[in-house]
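Undergrad: From the sequence below, what's the structure:
(one chain, ligands or ions: 1)
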Amino acid sequence: MADTDKTATLTLGNESWELPVHSPTEGPDVVDIGKLYARAGVFTYDPGFTSTAACESAITYIDGDEGILLHRGYPIGQLAEKSHYLEVCYLLLYGDLPSAEQLEDFENRVTMHTMIHEQMHNFTRGFRRDAHPMAIMVGMVGAMSAFYHDSTDISDPWQREVASIRLIAKMPTIAAMAYKYSIGQPFVYPSNALDYASNFLKMCFSVPAEEYHVDPILARAMDRIFTLHADHEQNASTSTVRLASSSGANPFACIAAGIACLWGPAHGGANQACLEMLREIGSVDRIPEFIARAKDKNDPFRLMGFGHRVYKNFDPRATVMKQSADEVLELLGVENNPTLQVAKELEKQALADPYFAEKKLFPNVDFYSGIILEAMGFPTSMFTPIFALSRTVGWVAQWKEQLSDPALKIGRPRQLYTGPSMRDYVEVENR
Ligand code: CMC
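TA: The predicted structure follows:
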């Protein structure tokens with residue numbers, strides 16, 4: 001972190017305090033209020049952290065006004081086009097693109113950890129068949145701390161590394177098991193001869209009774225979906241992982257916390273909610289009715305897959321996702337998919353509407369991802385688990401970075417208290 005020669009001055013009544021200003025490699029300067037309470041006796045107030053940098057990080061950078069997303073400096077569009085998910089995982093975890101040897105070694109290490117403890121199969125069978133796969137994933141990943149004791153000591157760099165690889169390697173196995181369980185089919189063991197995306201497709205869609213051939217086009221689309229979701233700076237679930245980890249919690253508990261946060265419809269749950277909304281709209285002639293509802297202050301309805309806390313121009317992931325949707329649906333011969341037609345027309349009409357333009361609301365990554373996933377054969381309930389498995393590397397990279405930060409402290413926000421002032425207890429008979 002570079003200090004600048006600038007300072008910010010806070011004046012309260014007759015007193016003033018000089019606050020240091022730090023300069024990032026990209027993005028706006030940051031006013032350091034870390035010692036403000038000790039010096040001035042006041043807190044700052046920022047619900048939703050809209051103006052607060054909670055940590056220093058060198059992993060991902062977003063410029064929301066320009067629609068830029070960089071991982072370790074590389075634009076997401078280039079990574080989606082030229083790289084692949086496991087290479088992006090390496091980049092996020094270790095800071096640079098790997099050499100051919102480093103990549104091979106990393107892929108081998110991930111591949112050797114794809115199986116889960118056999119006892120976890122019994123654990124999974126304890127859930128109700130109609131459990132949401134996200135509920136199963138929260139439980140299974142949290143339970144990894146009960147199955148992998150040898151990688152829960154966060155003070156040991158080797159255990160941290162093993163936990164990281166285990167999480168990235170086992171998440172597809174866990175997500176696929178959650179799916180298989182919900183449809184009453186047997187769990188499929190991972191195939192280490194396959195690449196990461198192909199292995200996941202096979203674990204989801206193959207059955208022991210039949211040969212299964214992974215379609216390379218679908219594998220490529222799957223890999224791209226993983227890549228586009230790999231990390232996204234200090235979003236709600238990543239901040240949840242960091243907050244959980246700040247107390248010294250074990251890595252599996254921290255990532256389970258991230259999965260729980262991701263589930264919400266304002267975050268990772270939006271892809272499921274978006275596809276359900278597109279299906280509910282059903283045909284292009286009903287679009288104006290839904291746009292009117294989204295604009296109505298008295299109606300809680302929002303256009304799912306639209307809007308973003310940081311992107312106020314366009315979401316660069318959505319651009320790639322839209323292109324992928326067109327490609328995948330054409331290759332599958334379903335380019336006239338009615339949901340895609342509704343999505344495209346909805347995007348067009350919303351973008352032409354002054355309400356969405358004024359509020360800078362654009363399609364986000366979740367607007368088109370559900371259409372691709374549905375075309376690939378996934379039920380809507382699997383959309384958010386697929387987001388969770390893709391984002392695991394981002395959570396893990398941010399968790400590792402946080403643990404090696406000498407400035408690490410337990411996260412402990414303060415509050416603007418608005419409850420009653422101190423009062424005396426009144427005996428029940430006198431109330
Ligand atoms: N449809 C209609 N109006 C909207 C929408 C929407 N999708 N999103 C925001 N607005 C309006 C909102 O009503 C508010 O209006 P006003 O200023 O008149 O009160 C204004 O735009 C600002 O909204 P906000 O809720 O204060 O903005 P935020 O930054 O807190 O919320 C968001 C960002 C993503 C939660 C929100 O845009 C939203 O709920 N979108 C739909 C859910 C969604 O697609 N989420 C996925 C996000 S991308 C993937 C991920 O991060 O997981």
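
Undergrad: Return the residues of the stretch 151-300 of the chain in contact with the ligand.
TA: Counting by Cβ under 6 Å from any ligand atom, the stretch 151-300 of the chain comes close to the ligand at N235, A266, H267, G268, A270, A294. From N, CA and C alone the C-beta is placed, and that goes for glycine too.

Undergrad: And these, which of them are buried?
TA: Buried by 16 or more other Cβ atoms under 10 Å: N235, H267, G268, A270, A294, out of those.

Undergrad: can you put those residues in a markdown table and add secondary structure and pLDDT?
TA: Formatted as a markdown table, these follow (DSSP: H, G, I helix; E, B strand; the rest coil; pLDDT from 0 to 100):
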| residue | secondary structure | pLDDT |
| --- | --- | --- |
| N235 | coil | 96 |
| H267 | coil | 91 |
| G268 | coil | 91 |
| A270 | helix | 89 |
| A294 | helix | 96 |
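
Undergrad: JSON lines for the residues you listed, including distance to V334?
TA: Shown next, in JSON lines, are these (distance: Cβ to Cβ, whole Å):
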{"residue": "N235", "distance to V334": "32"}
{"residue": "H267", "distance to V334": "29"}
{"residue": "G268", "distance to V334": "25"}
{"residue": "A270", "distance to V334": "23"}
{"residue": "A294", "distance to V334": "27"}
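
Undergrad: now, which of those residues sits nearest A175?
TA: The closest of these to A175 turns out to be G268 (Cβ to Cβ; 12.6 Å).

Undergrad: Report the spatially closest residue to the closest one, excluding sequence-adjacent ones.
TA: In this structure, G268 finds its nearest non-sequential neighbour in L262, 3.7 Å apart by Cβ to Cβ, 6 or more residues apart in numbering.

Undergrad: How about the contacts made by the one you found?
TA: M134, A236, S237, G268, G269, T384, F387, A388, R391 (Cβ atoms under 8 Å, 6 or more residues apart in numbering).

Undergrad: any idea which helix or strand carries the first one?
TA: The reference is to M134. For M134, the host element (DSSP states H and E) is helix 133-147.

Undergrad: Which single residue in the stretch 301-431 of the chain comes nearest to the ligand?
TA: At 2.3 Å from the ligand, G307 is the closest residue in the stretch 301-431 of the chain, using Cβ to the nearest ligand atom.

Undergrad: Show the contacting residues for that residue.
TA: With contacts taken as Cβ under 8 Å, 6+ apart, G307 has the following neighbours: K359, L361, F362, N364.

Undergrad: can you rerun that using 7 Å?
TA: With contacts defined as Cβ atoms under 7 Å, 6 or more residues apart in numbering, G307 is in contact with L361, N364.

Undergrad: Is L19 located within a helix, as I assumed?
TA: No - using DSSP: H, G, I helix; E, B strand; the rest coil, the assignment for L19 is strand, not a helix.

Undergrad: Next up, phi/psi of the closest residue to it other than its chain neighbours, please.
TA: Distances taken as Cβ to Cβ, 6+ apart place A8 nearest to L19, at 4.5 Å, with adjacent residues excluded. For A8, the backbone dihedrals (degrees, to the nearest 10) come out as phi -110, psi 140.

Undergrad: got the contact list for A8?
TA: Contacts of A8 were listed using Cβ under 7 Å, 6+ apart, and they are L19, V21, V31.

Undergrad: Just the buried residues of those residues.
TA: The neighbour count (16+ other Cβ under 10 Å) marks L19, V31 as buried among those.

Undergrad: Kindly reformat the contacts of A8 as CSV containing pLDDT and distance to T339.
TA: Below are the contacts of A8 laid out as CSV (pLDDT from 0 to 100; distance: Cβ to Cβ, whole Å):
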residue, pLDDT, distance to T339
L19, 95, 51
V21, 95, 48
V31, 96, 46
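
Undergrad: now the contacts of A8 as CSV including distance to C89?
TA: CSV is the format used below for these (distance: Cβ to Cβ, whole Å):
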residue, distance to C89
L19, 38
V21, 34
V31, 34
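
Undergrad: how many neighbours does the closest residue to the ligand within the stretch 51-200 of the chain have?
TA: With Cβ to the nearest ligand atom as the measure, G64 is the residue of the stretch 51-200 of the chain nearest to the ligand, at 9.9 Å. For G64, the neighbour count with other Cβ atoms under 10 Å is 17.

Undergrad: so what's it scoring on pLDDT?
TA: On pLDDT, G64 comes in at 92.

Undergrad: nearest residue to it other than its sequence neighbours?
TA: When the adjacent residues along the chain are set aside, G64 lies closest to V310, with 3.8 Å between them (Cβ to Cβ, 6+ apart).

Undergrad: how near is that neighbour to R391?
TA: From V310 across to R391, the span is 16 Å (Cβ to Cβ, to the nearest Å).

Undergrad: Between the two, tell me which one has more neighbours.
TA: Per other Cβ under 10 Å, whichever of V310 and R391 has more neighbours is R391, with 26 against 17.

Undergrad: Leaving out sequence neighbours, find the closest residue to the more buried one.
TA: Nearest to R391 is H229, by Cβ to Cβ, 6+ apart, at 5.5 Å.

Undergrad: Touching, the one you found and T392? I think so.
TA: No - contact criterion Cβ atoms under 7 Å: H229 and T392 do not qualify, at 9.7 Å.

Undergrad: Quick check on the two: which one has the bigger neighbour count.
TA: T392 (29 against 26).

Undergrad: does the more buried one sit in a helix, a strand or a coil?
TA: Following three-state DSSP, T392 is assigned to helix.

Undergrad: Surely it and A169 touch.
TA: No - the pair T392 / A169 is not scored as a contact, 9.7 Å apart, by Cβ under 7 Å.

Undergrad: Mind giving me the PyMOL select for the contacts of L262, buried ones only?
TA: Selection command for PyMOL covering only the buried members of the contacts of L262, criterion 16+ other Cβ under 10 Å:
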select buried, resi 134+236+237+268+269+384+387+388+391
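
Undergrad: re the thing from before, quick one: residues contacting the residue of the stretch 51-200 of the chain closest to the ligand.
TA: G64 sits next to V310, Y311, K312 when contact means Cβ under 7 Å, 6+ apart.

Undergrad: what about the closest residue to the last one other than its chain neighbours, distance to D65?
TA: With Cβ to Cβ, 6+ apart as the criterion, K312 has its nearest non-adjacent residue at 4.0 Å, and that residue is K360. Here the criterion is Cβ to Cβ. By it, K360 lies 9 Å from D65.
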